[in-house]
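Asker: no sequence on hand, only this structure:
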């Protein structure tokens, strides 16, 4: 700051930063508004208690805010799910940024899914690619699920373009996803060989479902 800057100008500068920080946190944590009636008060308390770190981004500040809430508040199971969901969305954005080249390549392959998905039954040489930017989590309540959903529910977060999607994953799908995560790119024929003969048609159907969801790309 310039030496001749008045105290009033300094105060305005600081206050302006606080407003900007509040707005960024409020926007980033919009999901919590449905289940945290005192969200406005919590954001204001956090801003005054926790200084903004140097070179901090809005996403990182929001992540610290979510941890701060978890440690400070006596959360209901529903609120814990909202926190878990918001943190998982941030984690996906971080992973997509960290694996940017792999994610860009995945999106290029994803654009061919509509054409290749019809070949799944006949073309065992199709390669299966798992979205490299995905994060696992678990919801303990139905606060963010359908009323008929079974809880606890295993969920996965993954980006499609600039959007972050969430899907409830059944045990059979989870087994396949974790297999691909561990093994890397696989041909459809090699995936089928890992299952009993009477289950291979179901595995192909599962690959098709995950491809239509955008969690798997075919090549």
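Answerer: Right, received. Where do you want to start? Everything quoted here is computed from the prediction, not taken from an experiment.
Asker: correct me, but residue 81 touches residue 151?
Answerer: No. Counting by C-beta atoms under 8 Å, residue 151 is not a contact partner of residue 81; they are 9.3 Å apart. The way it works is simple: take the backbone N, C-alpha and C, and place the C-beta from them, glycine included.
Asker: give me the more crowded residue out of those two.
Answerer: Shown here are residue 81 and residue 151; by other C-beta atoms under 10 Å, residue 81 has more neighbours (25 against 14).
Asker: the helix or strand bottoming out on mean pLDDT in the chain: what's the following helix or strand?
Answerer: Scoring the helices and strands of the chain by mean pLDDT, DSSP states H and E places helix 7-28 at the bottom, with a mean of 66. Counting by DSSP states H and E, the next helix or strand C-terminal to helix 7-28 is helix 39-49.
Asker: helices and strands around that following helix, which ones?
Answerer: In terms of contacts (3 or more C-beta pairs under 8 Å, 6 or more residues apart in numbering; DSSP states H and E), helix 39-49 is packed against helix 7-28, helix 58-72.
Asker: now the angle from it to helix 58-72?
Answerer: 100 degrees (axes from the mean of the first three to the mean of the last three C-alpha atoms, to 10 degrees).
Asker: how far is helix 39-49 from where the chain is centred?
Answerer: Taking C-alpha atoms, centre = their mean, to the nearest Å, one finds helix 39-49 lying 24 Å from the centre of the chain it belongs to.
Asker: all helices for the protein, in order.
Answerer: Counting by DSSP state H, residue ranges of the helices within the chain are 7-28, 39-49, 58-72, 77-98, 100-110, 113-116, 171-183, 188-193, 200-213.
Asker: out of those helices, which is the most enclosed?
Answerer: Each of the helices of the chain was scored by mean neighbour count; the highest is helix 77-98, a mean of 18, by mean count of other C-beta atoms under 10 Å.
Asker: show residues contacting that helix.
Answerer: 29, 31-32, 34-36, 59, 62-63, 66, 69-70, 73, 75, 103, 132-135, 137-141, 143-144, 155, 157-159, 164, 166 (C-beta atoms under 8 Å, 6 or more residues apart in numbering).
Asker: end to end, how far does stretch 120-135 reach?
Answerer: In stretch 120-135, first residue to last residue: 26 Å (C-alpha to C-alpha, to the nearest Å).
Asker: in it, what counts as buried?
Answerer: Buried residues in stretch 120-135, counted by 16 or more other C-beta atoms under 10 Å: 120, 126, 128-135.
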